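Trainee: whatever this is, show me its structure:
(chains A, B, C and D)
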4 protein chains.
Amino acid sequence: MSATTQSPATTQRSAATQPVKGVVPPVLTPLNDDYSIDISTLKRHAERLIKAGVHGLFVLGSSGEVAFLTREQRREVIAAVIEQAQGRVPVIAGVIDMTTPRVIEHIKDAVSLGVDGLVATAPFYVRTHAVEIAEHFRQLHAAAPDTPLYAYNLPVSVHTVLEIGSLVELASEGVLAGVKDSGGNDGYTRALILARDKAGVENFVVLTGSETTVDFAYLAGADGVVPGLGNVDPVSYVTLHDLLVKGEFAEAARVQARITELFTIVGVGDASRMGGSSQGLGSFKAALHHLGVFPSGLMSRPHVALNSDERAAIATIVDAAKIIEP
Amino acid sequence: MSATTQSPATTQRSAATQPVKGVVPPVLTPLNDDYSIDISTLKRHAERLIKAGVHGLFVLGSSGEVAFLTREQRREVIAAVIEQAQGRVPVIAGVIDMTTPRVIEHIKDAVSLGVDGLVATAPFYVRTHAVEIAEHFRQLHAAAPDTPLYAYNLPVSVHTVLEIGSLVELASEGVLAGVKDSGGNDGYTRALILARDKAGVENFVVLTGSETTVDFAYLAGADGVVPGLGNVDPVSYVTLHDLLVKGEFAEAARVQARITELFTIVGVGDASRMGGSSQGLGSFKAALHHLGVFPSGLMSRPHVALNSDERAAIATIVDAAKIIEP
Amino acid sequence: MSATTQSPATTQRSAATQPVKGVVPPVLTPLNDDYSIDISTLKRHAERLIKAGVHGLFVLGSSGEVAFLTREQRREVIAAVIEQAQGRVPVIAGVIDMTTPRVIEHIKDAVSLGVDGLVATAPFYVRTHAVEIAEHFRQLHAAAPDTPLYAYNLPVSVHTVLEIGSLVELASEGVLAGVKDSGGNDGYTRALILARDKAGVENFVVLTGSETTVDFAYLAGADGVVPGLGNVDPVSYVTLHDLLVKGEFAEAARVQARITELFTIVGVGDASRMGGSSQGLGSFKAALHHLGVFPSGLMSRPHVALNSDERAAIATIVDAAKIIEP
Amino acid sequence: MSATTQSPATTQRSAATQPVKGVVPPVLTPLNDDYSIDISTLKRHAERLIKAGVHGLFVLGSSGEVAFLTREQRREVIAAVIEQAQGRVPVIAGVIDMTTPRVIEHIKDAVSLGVDGLVATAPFYVRTHAVEIAEHFRQLHAAAPDTPLYAYNLPVSVHTVLEIGSLVELASEGVLAGVKDSGGNDGYTRALILARDKAGVENFVVLTGSETTVDFAYLAGADGVVPGLGNVDPVSYVTLHDLLVKGEFAEAARVQARITELFTIVGVGDASRMGGSSQGLGSFKAALHHLGVFPSGLMSRPHVALNSDERAAIATIVDAAKIIEP
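Mentor: Have a look, this model is predicted:
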């Protein structure tokens, strides 16, 4: 990416110091047969999401295979999506790594490429205390004080739950601009929102990462959603968001139920021969392949590929969902 | 490191295609005040361990703060220790990262620097199946077929236990040269050794990572030990090893009991304000500082430092142990 | 309880073969100073709940200290509450024990006393497979085929999550009349309801056990709620229920937020000197003591009592909630 | 059991106030086809174990299906085995239940029947703090101050690990006479023994529950072993014990390796259709059936029975072990 193409985006992103709200899909990363990034498909996919009306793009999340991409590949993904977005929607990037010094390397890469926000987990692999997790976020923020930093609550991967009291304190300090909560516990999401409101913290958003309980999160006051399944059916998530901000909960719940039916694709892969990542991510990529958006469903190594029966079962579910192409 | 300094090590390492056995401490990584690697202390520390009679050096393990070091820092550590070792003992290196493609990057770095072995965990952060873990190790081996590859069983960090059947199969295929078992379950260690022997696999070593049950592991037939505490008291571990290979188990158990008393330093740090890594690693670094081996006990961010009371308590335990300086 | 007092209840309970719906508090068990059941307070408390408009009473749940009560004490509790209810609301009883044969003993006791439903968990303490859990419920049903049986999903105590597919199958077979879901995962609750509806199973209710996400559960189609906090503030839960069945979700969410504020009493007890049961149950009993409903907050052994500061902090929260006395 | 048959046992048990040491198998409970206790087989089996030279009998442990037996059945088991033992070896009994008041009921039953010791876990199903667990054991001891009380460390069932510091304190107070450690972590066993010795506590035994690492435990100073597999092959465990107390560790390790091979029977049952209890207990009962000791391998409900292929595979392993019949 040249400095020339980058600067317009930077200029147009003036509103981006506001935390991101609404539907912010964690963008999947298409791969070529040699496991390099399929840049042109990635850009086309980003365009498709923007056209569907999403409010932001989150690259390099778990669904974006961030854990499998090298540092150089991560830079390629960020550059491509920022170039495609052209400032129309904010682009935030995952800076996922084991500990503070390594995350800071990714932060510097991402900031230099012009991202509108950074998403970081607590340290993982190492055994840390809540005090250390808070210090971690403070140091990440110090490394890029002008870029909104979002904490990523993802216990299934990180094996710790971010403490609500600590998150609100970090928000008050200006360290955190928000939380992406993929903890799978909507009561926690509500408690976080209530604690935020009670403390009077502003400019701190709570985004749910749960595909199937967006209505619950919005009912509790959440600001947005980061749905992996939004890669497959972005229009439905935008519809759901619109209903929810209008307070039409009963109708939203019906849309949510339909989406939840589509979400059963993540259970198609045979758990006796593949892990949860191959099942979930594999189903999203297979769906996008079936829809003609991705030329293949290839996943990074060592994922196990879905077999033809599984892909056919996913196609059937996808067809039944009558997904509206943006 | 220049090609010139590297080649002698390579030449002298001819025996290194044999898996490593005996006492192989996971070398701690001393840091300067700016968190850069303190290379001269690192070399002096490696020399101290070699002088104590250890049989190999394992750099970039968990105790070596591998999770906190950048890719460039990891290369510095490997180069420094290989340069210091001069082929007198094999140097094996941790290549710890989330998934296959990222581990392979570290493997290429380590191999180009001339390591005698590679230590890798299963993927972490992502949810993988045993089939995927096996495929992971196969691909790591394919990336460096001439360098012995050791699987690192470390459920406390990786959150999966390596399956014994799978390990023995990978050993039979020539993928794995051994296992470093830090699973904390000595029954598992025995079962792995018995399964290896039953399958008739050769050139496959089992090394325990447990500081306090080395005698158990050797009684079951283990080939060596990778003790973090061996950084502090390498002579006792060499003594323990020598007794164990001679079959003097009762006397070995007495040495082991003394070492176990020294190991209580890992419990000194206050768990209400720091994580397990700060407690354990902090105590090792504090002990080495007290012994005059390290100029400071600084740990990578976001570790919490031990306070002066804690350091004093550790010093008392260390003094009581009457550690023999090599 | 004599046969005479029992029979009117039985007669009036004719509608009780229908699964219970609505607000069904898990009735707390007041204790005398010698740890015997305080029967008169228990009856007064049941009356208070009925007067508040609850739709059923669930005795011998976790909040009812079932795990601490002897078989004889359990019988006393059931008899007292059935006698007090006089058929005005259904009374269902927990039959919590480790395994099938022991649960069946409690079932026989409960049925002979005339309960309107039975609530059982999967086996615990022992390591069971989903196949065995299903067989467990089949055998419990066979022991009392005329009394509705509810499965209790309580992973925090039982350490297994009931499988949705298995629950729906058991519902189809007529084994289960419903589920009390205290799994803390509202996405699971929705998935269970959708699976039930898809399978076309009737007369199978889903009740949430989560005090702070009742609106979420009803939005997903849940039939009722079993709130421990409903012992303290039954009127608010009845209000919440009424709003939810009318589809007034936004207003319901406001009531739910107020209740969630009251629920913070469960976090007042100092976790460094007591377990979660003492914190949670202790706060409920302290609140009822403060409200004058219970003569004391005594809990079964080996619970740790809340201290006076903690009780005062709870009283402050309770007062702020302006609980409406039924 | 009449008072007459009971009194000789009581008289002869004068040495039983000493904690039990050596090989103390957790006695399996044979069942009749109607799931009642097969008393005559139970007595014959106890006799076989005594004849093999075991040092005590532990009835109503996990292997004894205590979790599945009613209170009345538990009494039958204790009475039968005490009657058979006739004071020749001490008989200790599991008093396993969820909480203090319920355990105390079992204690009173067991003491009235004349047991020589009581084995209790921490509370389970409920969420308890270490302080509460300690209080639990104090109250159990107060209920039977003259009968030795052993704490049972069984995290796989109880989901808490007993704290070493707390155990040593309870030993110092005279509350505990020992620990049966089935935690699967031999480093913990060593640390417990060292802490006991450092505190100078006497009359406090540490018994390992691990079938495959008895040599490790004795090397660390353990006083005995409670091996489920000792039901099948008691003679080998007695042989192992005799070698270990003589300090012949290398030879003991060879016996231990043979026993460990026999222990593979617990992995024969198909984990895709049964839980760990059915696999483990099922294999022990199948082995005893094959050896002609038990008329059937029936387990309590809801265990899944091993099928004929599995039973045949177990028989093959048992035959290969050339078990010496006492």
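Trainee: ok, whatever residue of the stretch 151-300 of chain A ends up closest to chain D - contacts?
Mentor: Using C-beta to the nearest C-beta, A:Ser272 is the residue of the stretch 151-300 of chain A that sits closest to chain D, at 7.8 Å. C-beta coordinates here come from the backbone N, C-alpha and C atoms, glycine included. With contacts taken as C-beta atoms under 8 Å, 6 or more residues apart in numbering or on different chains, A:Ser272 has the following neighbours: D:Ser272.
Trainee: quick one, what contacts the residue of the stretch 51-200 of chain A found nearest chain B?
Mentor: Across the stretch 51-200 of chain A, no residue is closer to chain B than A:Arg127, which sits at 3.5 Å (C-beta to the nearest C-beta). By C-beta under 8 Å, 6+ apart, the residues touching A:Arg127 are B:Val156, B:Ser157, B:Gly275, B:Gly276, B:Ser277.
Trainee: that one belongs to a helix?
Mentor: No - the secondary structure assignment for A:Arg127 gives coil rather than a helix, going by DSSP: H, G, I helix; E, B strand; the rest coil.
Trainee: do you know how far it is from B:Gln279?
Mentor: 9 Å (C-beta to C-beta, to the nearest Å).
Trainee: residues from the stretch 151-300 of chain A in reach of chain B?
Mentor: Listed as neighbours of chain B in the stretch 151-300 of chain A under the rule C-beta under 8 Å from any C-beta of the partner chain: A:Val156, A:Ser157, A:Val158, A:His159, A:Ala271, A:Arg273, A:Met274, A:Gly275, A:Gly276, A:Ser277, A:Ser278, A:Ser300.
Trainee: same question for the stretch 1-150 of chain A.
Mentor: Residues of the stretch 1-150 of chain A found near chain B, taking C-beta under 8 Å from any C-beta as the criterion, are A:35, A:62, A:67-71, A:96, A:98-102, A:105, A:123-129, A:131-133, A:135-136, A:139.
Trainee: the worst-scoring helix or strand of chain A on mean pLDDT: what's the following helix or strand?
Mentor: Across the helices and strands of chain A, mean confidence by mean pLDDT, DSSP states H and E is lowest for helix A:3-12: a mean of 36. Next along the chain after helix A:3-12, taking DSSP states H and E as the criterion, comes strand A:22-23.
Trainee: which is the next helix or strand following that following strand?
Mentor: Sequence-wise, the next helix or strand beyond strand A:22-23 is helix A:39-51, with elements assigned using DSSP H and E.
Trainee: who are the packing partners of the next helix or strand after that following helix?
Mentor: Following the chain from helix A:39-51 toward its C-terminal end, the next helix or strand by DSSP H and E is strand A:57-59. On a contact count with 3 or more C-beta pairs under 8 Å, 6 or more residues apart in numbering or on different chains; DSSP states H and E, strand A:57-59 meets helix A:39-51, helix A:71-85, strand A:91-94.
Trainee: of the ones you listed, flag the one that's most buried.
Mentor: Each of these was scored by mean neighbour count; the highest is strand A:91-94, a mean of 31, by mean count of other C-beta atoms under 10 Å in any protein chain shown.
Trainee: number of nearby residues for the spatially closest residue to A:Pro101 that is not a sequence neighbour?
Mentor: Counting by C-beta to C-beta, 6 or more residues apart in numbering or on different chains, B:Phe68 is the residue found nearest to A:Pro101 once chain neighbours are left out, at 5.5 Å. By the measure other C-beta atoms under 10 Å in any protein chain shown, the count of residues near B:Phe68 is 25.
Trainee: quick check: B:Phe68 touching A:Ile104?
Mentor: No - counting by C-beta atoms under 8 Å, B:Phe68 stays clear of A:Ile104, with 10.9 Å between them.
Trainee: mind listing the helices for chain A?
Mentor: Read by DSSP state H, chain A holds these helices, from start to end of the chain: A:3-12, A:39-51, A:71-85, A:100-112, A:130-143, A:155-158, A:164-172, A:186-199, A:214-219, A:234-245, A:249-262, A:276-290, A:308-321.
Trainee: show me how far the shortest one is from its chain's centre.
Mentor: Relative to its chain's centre, helix A:155-158 lies at 15 Å (C-alpha atoms, centre = their mean, to the nearest Å).
Trainee: who touches it?
Mentor: The set of residues external to helix A:155-158 that reach it, using C-beta under 8 Å, 6+ apart, is A:62, A:67, A:121-124, A:152, A:161, A:182-184, A:276, B:125-127.
Trainee: any regions of chain A where pLDDT drops low?
Mentor: Applying pLDDT under 70 to chain A flags residues A:1-17.
Trainee: which among the residues of the stretch 151-300 of chain A next to chain B count as buried?
Mentor: Burial of those was assessed by neighbour count (16 or more other C-beta atoms under 10 Å in any protein chain shown); the buried members are A:Ser157, A:Val158, A:His159, A:Met274, A:Gly275, A:Ser277, A:Ser278, A:Ser300.
Trainee: ok, of these, which one's closest to B:Thr147?
Mentor: Taking C-beta to C-beta as the measure, B:Thr147 lies nearest A:Ser300 of these, at 23.1 Å.
Trainee: how much space separates that closest one from A:Pro30?
Mentor: Using C-beta to C-beta, we find A:Ser300 at a distance of 11 Å from A:Pro30.
Trainee: also A:Thr239?
Mentor: Here the criterion is C-beta to C-beta. By it, A:Thr239 lies 25 Å from A:Pro30.
Trainee: out of these two, which sits in the busier spot?
Mentor: A:Pro30 (24 against 20).
Trainee: and the gap between that one and chain B?
Mentor: 15 Å (C-beta to the nearest C-beta, to the nearest Å).
Trainee: quick check on that residue: phi, psi?
Mentor: As for A:Pro30, its main-chain torsions (degrees, to the nearest 10) stand at phi -70, psi 150.
Trainee: ok, it touching A:Ser36?
Mentor: No - with contact taken as C-beta under 8 Å, A:Pro30 and A:Ser36 are classed as non-touching, separated by 10.3 Å.
Trainee: how about the closest residue in space to A:Val245 that isn't next to it in sequence, what does it touch?
Mentor: What sits nearest to A:Val245 in space, not counting adjacent residues and going by C-beta to C-beta, 6+ apart, is A:Tyr218, at 7.4 Å. Applying C-beta under 8 Å, 6+ apart, we find A:Tyr218 in contact with A:Val225, A:His241, A:Leu244, A:Val245, A:Ala252.
Trainee: and what of A:Gly221?
Mentor: Contact partners of A:Gly221, counting by C-beta under 8 Å, 6+ apart, are A:Arg190, A:Ile193, A:Leu194, A:Asp197, A:Val206, C:Ala253.
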